[in-house]
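*Asks:* Make a model of this:
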Amino acid sequence: MEERQGHGAKGAGRELRAWLLGRSPGLGAHVLAARLPGGTAWRAREVPMWKRSDVERLTGLTRHMIQDLCNPNTSGDGLGFWEPAISKPGYSRFDEGDLLAFYLVRQLMKAGFTLKEIESAVFDLMEDDDSFERALRRKATVLHRRRAELDSKLSVLEYLEVAATAATDDRLYAVMEVALTQSAERAVRAATAAVRAAEAAEADEGSVRCGMRELVAAVLSVLRGEGAPAEVGGRGIAPLVAGWARVVADLLADNAAPVTAGAQRLIREMAHAIASGRAGSVCNALASEGAGNVCDALATEGASSARDALAVRALAAFLNESENGVPIELVFGEGSFAFLAQAARIACSEYGSSNQVRA
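*Replies:* Sure, this is the predicted structure:
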């Protein structure tokens, strides 16, 4: 059918005219209006013709649409789809076949087909197989995708409106806060779906969700200049961020690969902190013993927990969203985002393998 397309009025247009008239008992050699008692041409037996302005009014197509459909200059703006009953320079008249054709065009356009797609859709419609049904399904898929994109944009607008209520100096960070929070939520959902087969409990999901939100809050705390994270008292993730940043800096300075033991220990520590939310003694250890030893302790302590497995996947999903690169890089240093993202993917894969072995 592909080879039939692109022939303009000598292709789809001519075939459609014959197809329409051949399937309409009331149309053919005579006009419907001439056959209906009371019709405008019934007594005179005249063949009625409509002006282009009439076609516009009766179909809802614009002047330019009709012109493009009828323009045979396909090397320019013309589509060469249709040839009116009477077509002369500066003068066109349309008969009943033209009206039916443009009515069909209008319906296809309402369904989302562009003018350039009309000819292909018309050929599909005239086939006796399921070509037209498949064309409609393809168009539906495209429209559903567009609707999803629009829904996503509307969602972003909603949280931008929330940020608009913040103080002027804090609006950028307010936008970042909502964006990161939504990203963290997506990451937790993706991680939960991935480990559902491993019977991850809802309680684990809730803990990891809280941990991811704490991570977001800690990142924003650094960006807002609300004090060095290591000086923040109490429990939670915030006191750990400075230590993680130092470890990342050391690993990058040593040109360590994300697959090395040090990088993997760091990812497991981050995941464990997200899963458990414990920081108190860890914060002291960071100051006295160094992050490396703490990583070993935390990794050993939580290596087999379902929460840690979920947290590793959530962290990997969070770092897989490129838009999170700016805040992560500003907090953990130049080159940290790609390094942490790759290390998290490796840890996620190895964690899954180790859990399968244990099972």
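*Asks:* In this structure Gly80 contacts Leu115, no?
*Replies:* No: using C-beta atoms under 8 Å, Gly80 is not in contact with Leu115; the gap is 11.4 Å. Backbone N, C-alpha and C define where each C-beta goes, glycine included.
*Asks:* For the two, indicate the residue with more neighbours.
*Replies:* Taking other C-beta atoms under 10 Å, Gly80 and Leu115 do not tie; Gly80 has more neighbours (22 against 16).
*Asks:* next one: phi and psi at the more buried one?
*Replies:* Main-chain torsions, Gly80, degrees, to the nearest 10: phi 60, psi 30.
*Asks:* How confident is the prediction for it, by pLDDT?
*Replies:* Turning to Gly80, the model gives it a pLDDT of 86.
*Asks:* ok, now how distant is it from Met270?
*Replies:* Remark: distance between Gly80 and Met270 (C-beta to C-beta, to the nearest Å) = 62 Å.
*Asks:* now do Thr260
*Replies:* 16 Å.
*Asks:* More neighbours: which of those two?
*Replies:* For Thr260 versus Met270, the count of surrounding residues by other C-beta under 10 Å is larger for Met270: 27 against 15.
*Asks:* Low-confidence regions, this protein specifically.
*Replies:* 1-14, 21-46, 196-203, 227-235, 277-304, 351-359 (pLDDT under 70).
*Asks:* what about the residue most central in space within it, which helix or strand?
*Replies:* Here the mean C-alpha position of the chain is nearest to the C-alpha of Glu149 (C-alpha atoms, centre = their mean), at a distance of 5.0 Å. Assigned by DSSP states H and E, Glu149 belongs to helix 131-164.
*Asks:* try Arg209
*Replies:* For Arg209, the element it lies in under DSSP H and E is helix 202-223.
*Asks:* For that helix, give me every contacting residue.
*Replies:* Outside helix 202-223, the residues that touch it by C-beta atoms under 8 Å, 6 or more residues apart in numbering are 173, 176-177, 180-181, 184-185, 187-188, 191-192, 227, 229, 232, 236-238, 240-241, 270, 273-277, 306-307, 310-311, 314-315, 318, 327-328, 330-331.
*Asks:* Just after it, pick out the following helix or strand.
*Replies:* By DSSP H and E, the next helix or strand past helix 202-223 is helix 241-253.
*Asks:* Going by neighbour count, which residues of the helix or strand following that following helix are buried?
*Replies:* Next in sequence after helix 241-253, counting helices and strands by DSSP H and E, comes helix 261-276. Going by neighbour count (16 or more other C-beta atoms under 10 Å), the buried part of helix 261-276 is 262-276.
*Asks:* cool, and stretch 315-325?
*Replies:* Applying 16+ other C-beta under 10 Å to stretch 315-325 flags 315-321, 324 as buried.
*Asks:* Closest to Leu104 out of those residues?
*Replies:* Using C-beta to C-beta, Glu321 is the member of those that sits closest to Leu104, with 44.5 Å.
*Asks:* Could you find the closest non-adjacent residue to that closest one?
*Replies:* Excluding its sequence neighbours, the residue lying closest to Glu321 (C-beta to C-beta, 6 or more residues apart in numbering) is Ser183, at 5.2 Å.
*Asks:* same check, this time on Trp50
*Replies:* In space, Trp50 is closest to Phe94, 4.7 Å off (C-beta to C-beta, 6+ apart).
*Asks:* tell me the phi and psi of that neighbour?
*Replies:* Per-residue torsions, Phe94: phi -120, psi 140 (degrees, to the nearest 10).
*Asks:* Ok, Val105 next?
*Replies:* phi -60, psi -40.
*Asks:* which non-adjacent residue is nearest it?
*Replies:* Here the residue nearest Val105, using C-beta to C-beta, 6+ apart, is Ile118, at 5.6 Å.
*Asks:* likewise Ala163?
*Replies:* Of all residues beyond its chain neighbours, the one nearest Ala163 is Ala174 (3.8 Å), with distances taken as C-beta to C-beta, 6+ apart.
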